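Student: below are the sequence and a predicted model; questions follow.
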Amino acid sequence: MKKIKRWTQSMVADQLEEALKTLRKLPPVVVQGYFNVWPTIKYTEMEILQQEKLPLKLQARTEEITRLEETFCWMACLDIEERRLVWKRAANVRWKAICYELGCDRTTAWRRWVLALTKISIFLNDRGSGA
């Protein structure tokens with residue numbers, strides 16, 4: 001008999017943090033309709049060696065993108081304010097900034113965050129999702 005995984009608030013919070021990291025790995029969106037008419041610059045070998053190295057940007061793996069898309073579907077059970085709160089906490093935004101935006105104290109903001117995570121975990125457990 002297959003053991004069904006029960007979602008908890010901490011598991012949901014971890015999944016949201018992973019989704020945000022995956023979003024940062026994705027390439028930027030290119031707006032259609034704009035193009036560059038300048039010719040490409042041909043650098044010499046010495047110029048290439050003297051250039052500053054760009055930071056290595058990791059590519060998102062297929063399973064990470066799949067989990068990201070799944071995480072977006074979870075947001076359907078939250079209202080807009082709860083979505084903002086959950087994503088800000090996943091991005092490690094300080095409670096002080098969140099409290100200022102919501103217009104409440106830290107305890108109330110934390111309660112709202114826990115309630116939003118609880119809603120998502122109940123949604124996932126009722127749906128019968130195993131992963």
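Tutor: Sure, I can see it.
Student: okay, now the unreliable bits of the chain?
Tutor: Applying pLDDT under 70 to the chain flags residues 1-4, 129-131.
Student: check the protein and tell me which residue is nearest its centre.
Tutor: Leu20 (1.9 Å; C-alpha atoms, centre = their mean).
Student: could you pull out the helices in this protein for me?
Tutor: Listed in chain order, the helices of the chain (DSSP state H) span 9-25, 45-50, 62-74, 80-90, 95-102, 106-127.
Student: and the third one with helix 80-90, angle?
Tutor: Just to be clear, that refers to helix 62-74. Here the directions of helix 62-74 and helix 80-90 differ by 150 degrees (axes from the mean of the first three to the mean of the last three C-alpha atoms, to 10 degrees).
Student: what lies in contact with helix 62-74?
Tutor: Helix 62-74 is contacted from outside by 12, 15-16, 18-19, 22-23, 25-26, 60, 120, 123-124, using C-beta atoms under 8 Å, 6 or more residues apart in numbering. In short, each C-beta sits where N, CA and C put it, glycine included.
Student: show the buried residues in these.
Tutor: Buried members of those, counted by 16 or more other C-beta atoms under 10 Å: 12, 15-16, 19, 22-23, 120, 123-124.
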